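A.B. asks: my questions concern the predicted model and sequence given below.
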Amino acid sequence: MHGAGNDFILFDNRGIRLTNEELSSLAPTVCNRKFGIGADGVIALQFDETKKADLVMLYKNPDGSDAGMCGNGARCFSLFAVTLGSPNKFTFRVHDKIYKATVQKNTATVAFPLTTRVLEQEIGGQHLMNIYTNTEHVVCAVQEHHLSNEEVLVNQGRALRFHEDFHPVGTNVNFISGVNKTQLCLQTYERGVENLTLACGTGAIASALGWHHLQQAPSGNFNYKVKVKGGTLNVKFSFDEETKQYNNIKLKGPATFVFEGEYYL
């Protein structure tokens with residue numbers, strides 16, 4: 001499946017019952033675009049044995065590492081769950097956090113259990129916005145033409161992703177250019193993929209909040225359009241000017257089946 005070009009291998013783990021460790025070792029093999037299937041990550045669906053949510057989403061980066069959360073993967077997971085018999089509205093757990101999914105045809109909306117702030121940061125004379133969206137992100141505002149210089153973005157993204165200030169887990173790096181008050185363009189260097197991807201859901205959230213912050217916008221409810229190479233994502237959120245906090249965060253966008261098949265373990 002893919003969500004705005006961010007592609008994933010999904011499978012029903014309720015019967016296979018691969019462990020977390022087995023999933024970590026499997027991911028680099030199946031995500032390899034030459035010797036495997038090829039994907040930006042692997043997602044396993046299973047029941048929540050803790051009964052805190054309806055389902056559990058287990059996500060692994062192509063290098064086998066964990067991600068705090070994957071927004072585009074969560075939307076694909078939501079549609080996948082519905083095709084397996086889940087109702088159009090359900091809850092799912094990622095690590096210790098409970099998310100709410102709503103699926104309408106080929107569009108999925110995921111509500112994030114998240115209250116966050118924009119923290120300004122300087123690294124090597126570069127101004128960044130550090131924004132946690134249930135995974136680590138920094139946002140850099142650039143000129144529009146800079147977004148097309150992908151070789152430079154990869155080098156800058158890699159340098160920040162591995163910068164000592166973000167050790168040991170590293171960070172994802174987002175480059176944004178505003179179009180108008182509620183619309184922006186985005187390129188994301190993703191940790192674990194170690195390259196630019198066509199879309200990043202949690203990066204779109206961080207970027208929308210960062211663009212709101214740069215405009216010093218007031219309190220209220222907002223709906224931002226984030227244009228990525230793979231399509232357009234919608235980020236809804238609320239902002240409280242007094243506490244400087246963002247909440248009621250929702251990520252909406254397309255989820256698409258590409259193919260299904262069998263993979264021999």
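C.D. replies: Cool, got the structure.

A.B. asks: regarding Gly68, what is its secondary structure?
C.D. replies: Following DSSP: H, G, I helix; E, B strand; the rest coil, the label given to Gly68 is coil.

A.B. asks: which residues touch the nearest residue in space to it that is not next to it in sequence?
C.D. replies: Excluding the flanking residues, the one nearest Gly68 by CB to CB, 6 or more residues apart in numbering is Thr135, at 3.2 Å. Backbone N, C-alpha and C define where each C-beta goes, glycine included. With contact set as CB atoms under 8 Å, 6 or more residues apart in numbering, Thr135 has these partners: Ala67, Gly68, Met69, Cys70, Asn172, Thr202.

A.B. asks: switch to 7 Å and redo it
C.D. replies: Thr135 sits next to Ala67, Gly68, Met69, Asn172, Thr202 when contact means CB atoms under 7 Å, 6 or more residues apart in numbering.

A.B. asks: ok but the last one is inside a helix, no?
C.D. replies: Yes. Thr202 sits within a helix when classified using three-state DSSP.

A.B. asks: burial check on it, number of neighbours?
C.D. replies: Other residues within reach of Thr202 by the criterion other CB atoms under 10 Å amount to 29.

A.B. asks: report pLDDT for it.
C.D. replies: The model reports Thr202 with a pLDDT of 97.

A.B. asks: same check, this time on the fourth one
C.D. replies: Reading off the confidence values, Asn172 has pLDDT 96.

A.B. asks: does it touch Leu186 like I think?
C.D. replies: No. Between Asn172 and Leu186 there is no contact under CB atoms under 7 Å: 11.4 Å.

A.B. asks: what is in contact with these two at once?
C.D. replies: With CB under 7 Å, 6+ apart, Asn172 and Leu186 have common neighbours Gly203.

A.B. asks: contacts for stretch 106-116 next, please.
C.D. replies: Outside of stretch 106-116, the residues within contact range by CB under 7 Å, 6+ apart are 71, 74-75, 78-79, 97-102, 131-134, 245-247, 249-256.

A.B. asks: which of those residues are buried, as a ChimeraX select command?
C.D. replies: Buried residues among the contacts of stretch 106-116 (16 or more other CB atoms under 10 Å), as a ChimeraX selection:
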select :71,74,75,78,79,99,100,101,131,132,133,134,246,249,250,251,252,253,254,255
